[in-house]
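# Predicted model follows, preceded by the sequence.
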Amino acid sequence: MLLTTAASTGASAQSAQAAQAVQVSPPGQIHIRVINALTNEPVRDERLNVALRENQIGSVAMATDKNGIIVVDTKKATILRILANMYADCRPRGELYTNYSVATVLSTGVTTGNLCSSANPKAKPGELILYEVPKTYLRQFPAPPVDSFPHSPN
């Protein structure tokens with residue numbers, strides 16, 4: 001009998017661990033994952049502006065952790081808005097002021113647009129993925145810009 005109790009306790013512990021492994025975020029929590037589009041590494045030093053309302057006024061600057069993640073407790077909010085702060089946002093211009101549905105992020109996950117690289121991973125339920133690049137990143141062109149124009153008298 002003692003052996004059966006120990007076996008059932010071990011099975012319960014394993015099933016509890018398996019349930020925790022499957023669940024990405026606790027209910028009502030969204031994990032915003034910020035990734036450097038040039039290196040595919042987490043952005044550890046970003047302070048993303050996060051708003052749980054339609055207007056960006058009153059947003060809160062939230063810092064990423066060592067894994068490039070910000071955990072947001074959505075409470076009763078229905079929409080989430082984010083804006084880059086220390087880095088340049090890779091989303092298309094039309095997506096910069098998007099109202100992301102909290103319900104959609106929690107149920108399926110959302111990966112934002114990425115104009116900076118071809119990376120486009122599938123977000124897990126409860127996860128919103130955002131791509132950014134350092135603001136100091138400048139594209140290199142093959143020749144310097146012209147210093148005189150064809151229509152100028154010089």
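Structure's in. What do you need? Numbers count the residues shown, from 1 in each chain.
# use CA for all of it now, contacts and neighbours both
Fine.
# can you tell me which residues contact the nearest residue to residue 45 once chain neighbours are set aside?
Nearest residue to residue 45, sequence neighbours excluded (CA to CA, 6 or more residues apart in numbering): residue 64, at 6.2 Å. Residue 64 makes contacts with 34, 43, 44, 45, 46, 47, 48, 70, as judged by CA atoms under 8 Å, 6 or more residues apart in numbering.
# List the contacts of the fifth one.
For residue 46, the contacting residues are 63, 64, 68, 84, 85, 86, 87, by CA under 8 Å, 6+ apart.
# can you pull the contacts of the last one?
Taking CA under 8 Å, 6+ apart as the criterion, residue 87 is in contact with 46, 132, 133, 134, 135.
# State the distance from the residue nearest to residue 45 to residue 94.
Distance, residue 64 to residue 94, by CA to CA, to the nearest Å: 24 Å.
# again, but for residue 43
23 Å.
# Neighbour count: those two, which is higher?
residue 43 (26 against 8; other CA atoms under 10 Å).
# ok, that one - contacts?
34, 35, 36, 64, 67, 68 are the contacts of residue 43 under CA under 8 Å, 6+ apart.
# Could you do residue 79 as well?
Taking CA under 8 Å, 6+ apart, we find residue 79 in contact with 52, 53, 54, 99, 100, 101, 102.
# Identify the spatial nearest neighbour of the second one, chain neighbours not counted.
Spatially, and ignoring its direct neighbours in sequence, residue 53 is nearest to residue 79 (5.9 Å; CA to CA, 6+ apart).
# So what sits opposite that neighbour in the bridge?
residue 101 (DSSP bridges).
# Equivalent analysis for residue 133, please.
residue 88.
# Just confirm it contacts residue 36, I think it does.
Yes. The criterion here is CA atoms under 8 Å, and residue 133 meets it with residue 36 at 5.4 Å.
# where exactly do the strands run in this structure?
Taking DSSP state E to define them, one finds strands in the chain at 29-36, 47-51, 60-63, 69-73, 79-83, 87-89, 100-101, 110-111, 127-134.
# what's the closest of those strands to residue 120?
When those are compared by CA to CA, strand 110-111 sits nearest residue 120, at 7.1 Å.
# List the pairing partners of the closest one within its sheet, with orientation.
By DSSP bridges, strand 110-111 pairs with strand 127-134 (parallel).
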